[in-house]
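In: okay, here's the prediction I keep looking at, along with the sequence it came from:
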Amino acid sequence: MNRSKALAIAVGVLIIGALVVVRYAQSKPPAIEAAAACRSGSAAVRQTCYSRVFSDRLATQGIAGAVAALDALSASEDYVAEHAHEFAHGIGIEGYKLYPDIVPAFIACGDGSASGCRHGFMQAYLESRDQISGPELQALCRPLEKAEFSRALLFQCIHGMGHGLTMFRDHNLPAALTDCDLLATDWDQTSCYGGVFMEVFVNATSPHHPATELASHSHHHMAASAFPAIDPKDPLYPCSIVAHRYLYSCYQIQTSVILHLNHGDIGGTARVCDRAPADMRASCYESLGRDVTAYASRDPRKTAELCQKGTVPNRSSCYAGAAKSLVNWTATTDGALDMCRILTTDMHASVDEGNSCYQALGEAISTMMVQTTDREEQCLRAQAPQAVAACRQGAGLR
């Protein structure tokens, strides 16, 4: 599996259960044309060329303008679409230097590309620090706790904090997890842990990622971390060596590691998940569900078919992870609704598998939308009474 695929399966991100992004009403930017030089040459040439396009737009039109350029090019250029999360990280990293106020920056970053811009912002903030403290970390995302912001936006801040803390600690996983332990609540800590595990993996497999390059030029990185990110002999590492309180978050990313080691063998990865501790198999399969959406290019039918490579007792968790990931990537429910319908109508999934899919969709909706009426409207799109009921249960509706 190449590095771009390894990165793609990791950026679905997200600690399933807190996960998807908020939709803010934003006008769709006009399409822009990429320079001809950006469409040809080596991958390195194209990456540099497109990065320059986004940097120029950032300098003249701010974060929102750079993100609009990324969205437009992602719609027309396959290379940009494949690397959108990486480019979004780069916009967030550069954006922090120009616009360091977290609330307007997070709103300007928007919901696209799995919130890569927001993660990059947090990485740049923490890399700019000479030291960190518990009170400072607890205060960092507090402005996003206001009622007008969704739980998903707060999650992206704390998850991005995990990425940044890992970079601050030279990708020493135990040290970064200990920093996350300084946060006030279990939910905050778990959200942070997920960013730590993801950053360790991405740093090990994607050396040209903007965050990796930022880390390499940081004053914190006088020497590489002695912590090994991957163990080729143990596909469940590092989950196999961390304390139990970190296991849920670890298994939420672990299939990205397994797929990297086995070169994209979906069925083989499912069998490795079957070897995880019994109470972590669902989490591992949710991670697999997120990752197969990348292998399926986020096609709902192909995604469902890939999840079917899992074992019957566990693959309902794969459908759940995939549904949440499909919502997370686009901040819409269309793809997840299609997948759940295909499962129950064309593939004749079991009642439990269908309910798991729709309930996961509801959970994603609950983090994405603040208003109860908006949640109701989305769940009603499921149409079938049992599907609507499962979605409403996940969305926390009576």
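Out: Looks like it arrived, so ask away. Residues are numbered from 1 along each chain as shown.

In: tell me the contacts of the closest residue in space to A69 that isn't next to it in sequence?
Out: Take A69 and drop its neighbours on the chain: the residue closest to it by CB to CB, 6 or more residues apart in numbering is R57, 4.4 Å away. Yep, even glycine has a C-beta here, placed from its N, CA and C like the rest. Residues in contact with R57 (CB atoms under 8 Å, 6 or more residues apart in numbering) are I32, G65, A66, A68, A69.

In: quick check: the gap between P277 and Y251.
Out: 9 Å (CB to CB, to the nearest Å).

In: quick one on the thing from earlier: tell me the one of the contacts of R57 nearest A152?
Out: A68 (20.8 Å; CB to CB).

In: still on that earlier bit, tabulate the contacts of R57 (CSV), appending secondary structure, pLDDT and distance to V45.
Out: Formatted as CSV, the contacts of R57 follow (DSSP: H, G, I helix; E, B strand; the rest coil; pLDDT from 0 to 100; distance: CB to CB, whole Å):
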residue, secondary structure, pLDDT, distance to V45
I32, coil, 54, 19
G65, helix, 93, 24
A66, helix, 94, 20
A68, helix, 92, 24
A69, helix, 91, 19
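
In: ok, and the most crowded of the residues you listed?
Out: A66 (28 neighbours; other CB atoms under 10 Å).

In: what count of nearby residues applies to T332?
Out: Neighbours around T332, by other CB under 10 Å: 15.

In: determine the three-state secondary structure at it.
Out: coil (DSSP: H, G, I helix; E, B strand; the rest coil).

In: list phi and psi for it.
Out: With angles defined as degrees, to the nearest 10, T332 sits at phi -130, psi 170.

In: kindly state the pLDDT recorded for it?
Out: As predicted, T332 sits at a pLDDT of 90.

In: can you offset everything so residue one is 4?
Out: Will do, 4 is the new start, and the previous item becomes T335.

In: ok, now which ones touch A363?
Out: I19, Y322, A323, G324, A326, K327, A339, G397.

In: picking up where we left off before, settle it for me: which of P280 and Y254 has more neighbours?
Out: Neighbour totals were compared for P280 and Y254, and Y254 leads with 25 against 14 (other CB under 10 Å).

In: how far away is L76 from N358?
Out: For L76 relative to N358 (CB to CB), the value is 39 Å.

In: pLDDT below threshold where in the stretch 154-303 of the chain?
Out: Applying pLDDT under 70 to the stretch 154-303 of the chain flags the ranges 210-228.

In: try 90 this time
Out: 154-155, 205-230, 300 (pLDDT under 90).

In: and the helices in the stretch 54-203 of the chain?
Out: 81-85, 87-101, 105-112, 119-130, 137-143, 154-171, 176-183, 189-208 (DSSP state H, counting those that start in this stretch).

In: want to try TSV for those helices, with mean neighbour count and distance to Y240 as columns?
Out: Below are these laid out as TSV (neighbours: other CB atoms under 10 Å; distance: least, CB to CB, whole Å):
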stretch	mean neighbour count	distance to Y240
helix 81-85	17	28
helix 87-101	24	24
helix 105-112	21	33
helix 119-130	28	24
helix 137-143	14	27
helix 154-171	28	17
helix 176-183	21	11
helix 189-208	24	11
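
In: distance to R378 added to those, as CSV?
Out: What follows is the helices of the stretch 54-203 of the chain, written out as CSV (distance: least, CB to CB, whole Å):
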stretch, distance to R378
helix 81-85, 29
helix 87-101, 27
helix 105-112, 21
helix 119-130, 23
helix 137-143, 28
helix 154-171, 12
helix 176-183, 30
helix 189-208, 20
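
In: and the ones you listed: which comes nearest T314?
Out: Between the helices of the stretch 54-203 of the chain, helix 189-208 lies closest to T314; by CB to CB that is 24.0 Å.

In: run the angle between the closest one and helix 87-101 for me.
Out: If you take axes from the mean of the first three to the mean of the last three CA atoms, to 10 degrees, helix 189-208 sits at 110 degrees to helix 87-101.

In: same for helix 189-208, what does it pack against?
Out: helix 6-13, helix 154-171, helix 176-183, helix 213-219, helix 250-254, helix 257-264 (3 or more CB pairs under 8 Å, 6 or more residues apart in numbering; DSSP states H and E).

In: relative to the whole chain's centre, how far out is it?
Out: Here the centre of helix 189-208 is set off from its chain's centre by 10 Å, with CA atoms, centre = their mean, to the nearest Å.

In: with stretch 118-129 instead?
Out: With CA atoms, centre = their mean, you get 12 Å for stretch 118-129.

In: again, but for stretch 143-154
Out: 19 Å.

In: so what touches it?
Out: So stretch 143-154 is contacted by 21, 25, 105-106, 109, 128, 156-157, 160-161, 164, 369-373 (CB under 8 Å, 6+ apart).
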